[in-house]
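# Sequence plus the predicted model coming up.
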Amino acid sequence: MRRHRKVKIVATLGPASSTYDMIRKLHESGADVFRLNMSHGTHDELRERHRIIRQVEKDLDSPIGILADLQGPKLRVGVFANGEEELVAGESFRLDLDETPGTKDRVCLPHPEIFAALKPQTTLLVNDGKIRLTVDKYGKDFANCTVVTGGTISNRKGVNVPDVVLPLAALSDKDREDLEFACQLGVDWLALSFVQRPQDVEEARAFAAGRAAILSKIEKPAAVKAFEEILAVSDGIMVARGDLGVELPVQNVPPIQKRLVRECRKAAKPVIVATQMLESMIESPMPTRAEVSDVANAIYEGADAVMLSAESAAGQYPIEAVTTMDKVAIEVEDDPNYSVIISASRSVARNTVADSIVSAAREISEATEIRAICCFSQSGTTALLVARERPGVPIIALSPLIGTARRLALSWGVNCVLTSPVERFKMAVVGAVRAALTLGYAKEHDFVAVTAGVPFNVKGTTNILRVAPCDEKLIFNTDPE
């Protein structure tokens, strides 16, 4: 399905978007990738949503990416005898391993790993940071704290520990079960929550065993500090600004977002900007002006994708939310300043033959009347390198592998087309011209740039660039000579 924008849209599915008609409308309205949130819904419900997505994909002949988002380790306090208590700034409060219902003076924190990692004056955040505690004294089974910022604390509220790297397993038992379930379903991407170090990613990759690409969610200060190492072992990144904005001062999040997006672009790895992008549209058919600016800002930065969470999963206006993102993206990318900003933020990488080939393709497209850059890609690597260049013309990625086409649905500017395997470069050119004409990216007598690697079907061999005329005679004359 042809899009008139280059940034991609990720839409989370949920109670408000679980039927065939709704999922099809979401895709037709602009959703390129669907997110299955493993924190919500049973395996049976997620299996049915996956089945519907693949049916929509088949009916519309349009590759669709599916992202399974693992819950990650959830740290929560226990329960209170009265259901909730009011903590007052300046007073003391104790966290411990005693499972007795909590009072105004204490509550159970059933996570010994937190106590093991504490240091003097460690900050603990409760209920999305609304309550702030500072640790005064601690042991292997308790922490005596001072309430810095008070508020209402109630049953099973979440706890964040921004100051230390917690000795937590990268994947909980639930995550391992969900990961195996998602891989057996055939999802394209696995998103890892609360990544702290590159070893977390490597553990998940070992469990996935090549069945899905690994996307790391950056939502902890430790992940920001170790970002280069985490990026190196990840296939993609999500800037998850929700918990990141809890564990860090909110004013730190925008510059971190910009740095992470730029680093991902440099590494030719897809990056999603997520959380509260159109939050008001959960209940309103219209977004706020600030939300529109937030989405636009991510697009100006060159993010591969912007994401909807509750807006499409549980909101009253899921179609309107996707349509709004689509319209904002089209308007931003039509702005003459957009190409100037993208060009100025481009990192030129010409360390390999493949880097030089795709860079040359982009430069030719800027200097001539090239209508599209077409790339044959078995693994998706060539398409990712072309996307890194952020060319001003469409990218058509042709692959014989449906899995590759689905994963590339997340990548900036990439339009995925399934094709038959090719053995000769001339047949690759024919396939590229046919796709450009059929999809309406080019007309008779226009030109397209075609990149590929010879020998075919070998990863990382991009070594040919040809400017080809969109000539119908070329399509029908497939003689090797």
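Thanks, I have it. Residues are numbered from 1 along each chain as shown.
# residues in contact with residue 75?
109, 111, 114, 158, 159, 160, 161 (Cβ atoms under 8 Å, 6 or more residues apart in numbering). Any C-beta I mention is one placed from the backbone N, CA and C, and that applies to glycine too.
# Quick check, residue 413 in contact with residue 387.
Yes - using Cβ atoms under 8 Å, residue 413 is in contact with residue 387, at 5.6 Å.
# coming back round to it: take the contacts of residue 75 and write them to TSV, including pLDDT, secondary structure and distance to residue 70.
TSV is the format used below for those (pLDDT from 0 to 100; DSSP: H, G, I helix; E, B strand; the rest coil; distance: Cβ to Cβ, whole Å):
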residue	pLDDT	secondary structure	distance to residue 70
109	97	coil	23
111	93	coil	19
114	93	helix	21
158	91	strand	16
159	94	strand	19
160	92	strand	18
161	92	coil	20
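# Buried only: go through those residues for me.
109, 111, 114, 159, 160, 161 (16 or more other Cβ atoms under 10 Å).
# Residue 68: which of the contacts of residue 75 is nearest?
Set against residue 68, the nearest of the contacts of residue 75 by Cβ to Cβ is residue 158 (21.5 Å).
# how many other residues sit next to the nearest residue to the closest one once chain neighbours are set aside?
Ranked by Cβ to Cβ, 6 or more residues apart in numbering and with sequence neighbours excluded, the top spatial neighbour of residue 158 is residue 76, at 5.5 Å. Neighbours of residue 76 under the rule other Cβ atoms under 10 Å: 15.
# correct me, but residue 76 touches residue 156?
Yes - Residue 76 is within contact range of residue 156, at 4.6 Å (criterion: Cβ under 8 Å).
# and residue 413 and residue 387? which has more neighbours close in?
Shown here are residue 413 and residue 387; by other Cβ under 10 Å, residue 387 has more neighbours (27 against 24).
# about what we covered before: could you export the contacts of residue 75 as CSV, including distance to residue 69?
CSV is the format used below for those (distance: Cβ to Cβ, whole Å):
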residue, distance to residue 69
109, 25
111, 22
114, 24
158, 17
159, 21
160, 18
161, 22
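# number of nearby residues for the closest residue to residue 123 other than its chain neighbours?
Using Cβ to Cβ, 6+ apart and skipping residues adjacent in sequence, the residue nearest residue 123 is residue 163, 5.4 Å away. Neighbours of residue 163 under the rule other Cβ under 10 Å: 17.
# Around residue 376, count how many other residues there are.
Quick note: residue 376 (other Cβ under 10 Å) scores 29 neighbours.
# Run a quick neighbour tally on the closest residue in space to residue 229 that isn't next to it in sequence.
Of all residues not flanking residue 229 in the chain, residue 198 sits nearest, at 4.4 Å (Cβ to Cβ, 6+ apart). By the criterion of other Cβ under 10 Å, residue 198 has 19 neighbours.
# I'd like to check which residues are in contact with the residue nearest to residue 158.
Here residue 76 is in contact with 110, 156, 157, 158, 159 (Cβ under 8 Å, 6+ apart).
# and residue 461, what pLDDT?
With respect to pLDDT, residue 461 scores 74.
# ugh, wrong one, residue 479
pLDDT, read off for residue 479, is 50.
# One more: residue 379?
In this model, residue 379 is scored at 89, pLDDT.
# So it is in contact with residue 459, correct?
Yes - between residue 379 and residue 459 there is a contact under Cβ under 8 Å: 4.6 Å.
# What number of residues are in the vicinity of residue 140?
Residue 140, neighbours per other Cβ under 10 Å, totals 9.
# actually residue 2, not the one I wrote
Residue 2: 9 surrounding residues under other Cβ under 10 Å.
# Am I right that it is in a strand?
No - going by DSSP: H, G, I helix; E, B strand; the rest coil, the assignment for residue 2 is coil, not a strand.
# In contact with the residue nearest in space to the middle of the chain, which residues?
Note on the chain: the residue nearest the mean C-alpha position is residue 272, at 3.7 Å, using Cα atoms, centre = their mean. Counting by Cβ under 8 Å, 6+ apart, residue 272 makes contact with 10, 215, 236, 237, 238, 239, 303, 304, 305, 306, 307, 410.
# Return the subset of those residues lying in strands.
Judged by DSSP state E, the subset of the contacts of residue 272 located in strands is 10, 215, 236, 237, 238, 239, 305, 306, 307.
# Let me see the contact set for the third one.
Yep, that's residue 236 we're talking about. Residue 236 neighbours (Cβ under 8 Å, 6+ apart): 189, 213, 214, 215, 216, 264, 269, 270, 271, 272, 304, 410.
# could the residues you listed go into a markdown table alongside distance to residue 38 and pLDDT?
Formatted as a markdown table, the contacts of residue 236 follow (distance: Cβ to Cβ, whole Å; pLDDT from 0 to 100):
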| residue | distance to residue 38 | pLDDT |
| --- | --- | --- |
| 189 | 12 | 98 |
| 213 | 16 | 98 |
| 214 | 15 | 98 |
| 215 | 13 | 98 |
| 216 | 15 | 98 |
| 264 | 23 | 97 |
| 269 | 22 | 97 |
| 270 | 20 | 98 |
| 271 | 21 | 98 |
| 272 | 16 | 98 |
| 304 | 22 | 98 |
| 410 | 18 | 98 |
